[in-house]
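[1] need coordinates for the following:
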Amino acid sequence: MTRMFALVDCNNFYVSCERVFDPSLQDVPVVVLSNNDGCVIARSNEAKALGIRMGAPAFEHREIFEKHGVQVFSSNYSLYGDMSSRVMSSLNRIVPDMEVYSIDEAFLILDSLPQSPESFARDLREKILKWVGMPVSIGIGPTKTLAKIANRFAKKHLEHSGVLDLGSPGMRSTCLELTDVEDVWGIGRRYALLLKSYNVRNALQFSRQSRDWVQSRMTVEGVHILLELQGIPCHFLDRTPRPNKTIISSRSFGRCVETLQELQTALACYVTRAAQKLRHQGSVCSGVTVFVYTNRFRQDLPQHSPSGTANIMYPTDHTPTLIRHALNALEGIYRPGYSYKKAGVMLTRIEPRARKRPTFFQPGAGREKKEKKLMSAMDHINARWGRNTLQPAETLYAPGDWGIKREKLSPRYTTSWDELPVAS
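    Numbering: from 1, shown residues only. Below is the predicted model of the structure:
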């Protein structure tokens, strides 16, 4: 049997996570909002049918929410992250050859199957729904790009019942002809406009161009897209995610912040999160950039959006050290009399911890060993008992209502002992 790719995509992922633990949300319009309950970032099919746009400010649709009984939720990233892990681990139990592509998508390799790829995918879909409660759509094709297109049709067209296999040339041609060229994976807006100027408007027309014609206008990446649409694989599974070269942690505040102490508390929280990500990928860093922004939409207020960088002599992943450097940088850019709306931190000059080499002037190995054990213990405790079970004292300088606004937050059903669902 020819090796096939499958793309598994969770349907309306954030909404589906909320529905798993609240069956009353089935078949009713549901939306999930971004940080500070600002914009719509996820919609159920029922909400889409009401004309609620993705990315629209929530206040613009307040009347629609009230008129049609739309259920509105603040983003619950603890829940969504854990549900994603459950979906991915379930997929990996069944198909070990997989690539986690995003929080709600994974590519699989289907070969040596005891049944047809479509039958296997339908069984897989039922198992994920039974084990995790998550509805998924599955697209199958001889390349990743064709699997992407198949998934799009499986999700949008109910007659496919959530699974579509583009292994047959006839079905493949039909779907390619119905796919606008800008909807092809890897073709951005600029190339789409270029192709349309040559009257290449859909994926089928693009797939019939010559390699030389495509390369002269779209470089080798365009040729890879062309070959993938023709059923020739150019993109394979990325089983080892590349470590981030920079790590950013930032948030908009629930209200404007003016005092240095509140900014210090916020930045300490953001550094703590960024440092945990740094350790998770086995890296250290030697640069910390902090930034603060006033509200650019409030032109009646004075504007000030500075940034500052601290250079660290010895690369580290030690949270207290990173916090100390970040707060020093903050003191250098802070100006009183401004109302700040957002702050953040960026870790730079990241390198693998294994590549870190000791120098003659570096603090002793004993101290570094203690720091490593402390961070390992903190990460382990927080992973088991919930984020912020252990946290640096600097994150508690000025607790208050400056944090992000999440007035419609659902319980953290799977990651907090205090919020576990109760069976009755």
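[2] neighbouring contacts of the strand or helix carrying residue 89?
    Element membership for residue 89 (DSSP states H and E) is helix 77-94. Here helix 77-94 makes contact (C-beta atoms under 8 Å, 6 or more residues apart in numbering) with 8, 10, 13-14, 17-18, 20, 98, 100, 103-104, 106, 108, 124, 127-128, 131-132, 134, 136, 387, 410-416. In short, each C-beta sits where N, CA and C put it, glycine included.
[3] which PyMOL command selects the buried ones in these?
    Remark: buried members of the contacts of helix 77-94, expressed as a PyMOL selection using 16 or more other C-beta atoms under 10 Å:
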select buried, resi 8+10+13+14+17+18+20+98+100+103+104+106+108+124+128+132+134+136+387+410+411+412+413+414+415
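[4] from the contacts of helix 77-94, which land in helices?
    Of the positions in the contacts of helix 77-94, 13-14, 17-18, 20, 124, 127-128, 131-132 sit in helices, assigned by DSSP state H.
[5] show me what contacts the residue nearest to the spatial centre of the chain?
    What sits nearest the mean C-alpha location of the chain, by C-alpha atoms, centre = their mean, is residue 103, with 5.3 Å. Shown in contact with residue 103 (C-beta under 8 Å, 6+ apart): 13, 80-81, 84.
[6] strands of the stretch 101-250 of the chain, start to end?
    With DSSP state E, counting those that start in this stretch as the criterion, the stretch 101-250 of the chain has strands at 105-110, 136-141, 163-165, 247-257.
[7] hey, which of the ones you listed is tucked in deepest?
    strand 136-141 (a mean of 27; mean count of other C-beta atoms under 10 Å).
[8] which other residues reach that strand?
    By C-beta under 8 Å, 6+ apart, strand 136-141 touches 4-11, 87, 110, 117-118, 121, 124-125, 128-129, 146-155, 162-167, 172, 231.
[9] just to revisit the earlier point, what about the helix holding residue 89, average pLDDT?
    Mean pLDDT, computed over helix 77-94, is 94.
[10] likewise for stretch 389-405?
    74.
[11] span of it from start to end?
    End-to-end span of stretch 389-405 (C-alpha to C-alpha, to the nearest Å): 21 Å.
[12] outline the domain layout of this protein.
    For the chain, the structural domains run 1-159, 179-241, 247-395, going by the TED database.
[13] now the terminal residues of the second one, how far apart.
    Separation of the first and last residues of domain 179-241 by C-alpha to C-alpha is 30 Å.
[14] so how far is it from its chain's centroid?
    On the basis of C-alpha atoms, centre = their mean, to the nearest Å, domain 179-241 sits 25 Å off its chain's mean C-alpha point.
[15] go on, the first one?
    The chain centroid and the centroid of domain 1-159 are separated by 13 Å, computed with C-alpha atoms, centre = their mean.
[16] repeat that for stretch 157-166.
    Relative to its parent chain, stretch 157-166 has a centroid offset of 25 Å by C-alpha atoms, centre = their mean.
[17] then stretch 378-393?
    For stretch 378-393, the distance to the chain centre is 22 Å (C-alpha atoms, centre = their mean).
[18] ok, now stretch 273-288?
    How far stretch 273-288 lies from its chain's middle: 18 Å, per C-alpha atoms, centre = their mean.
[19] show the buried residues in the contacts of strand 136-141.
    Neighbour counting with 16+ other C-beta under 10 Å marks 4-11, 87, 110, 117-118, 121, 124-125, 128, 146-155, 162-167, 172, 231 as buried within the contacts of strand 136-141.
[20] show me the shaky parts of this protein.
    Applying pLDDT under 70 to the chain flags residues 1, 356-365, 397-404, 424.
[21] could you pull out the helices for it?
    13-21, 45-49, 62-68, 77-94, 117-132, 144-156, 169-177, 189-197, 203-207, 211-229, 260-280, 319-333, 365-385.
[22] which among the ones you listed is found nearest to residue 304?
    Nearest to residue 304 among these is helix 319-333 (8.9 Å), distances taken as C-beta to C-beta.
[23] quick one: contacts of the closest one?
    Residues contacting helix 319-333 (C-beta under 8 Å, 6+ apart): 260, 263-264, 267-268, 271-272, 274-276, 285, 288-290, 292, 306-310, 312, 316, 345, 347, 371, 375, 378, 392, 394.
[24] please redo it, this time with the cut-off set to 6 Å
    Helix 319-333 has contacts (C-beta atoms under 6 Å, 6 or more residues apart in numbering) with 264, 267-268, 271-272, 275, 288, 290, 306, 308, 310, 312, 345, 392, 394.
[25] buried subset of those residues?
    The buried subset of the contacts of helix 319-333 (16+ other C-beta under 10 Å) comprises 264, 267-268, 271-272, 275, 288, 290, 308, 310, 312, 345, 392, 394.
[26] I'd like those as CSV, with distance to residue 355 appended.
    Below are the buried ones among the contacts of helix 319-333 laid out as CSV (distance: C-beta to C-beta, whole Å):
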residue, distance to residue 355
264, 32
267, 28
268, 28
271, 22
272, 24
275, 18
288, 19
290, 26
308, 27
310, 21
312, 16
345, 23
392, 26
394, 29
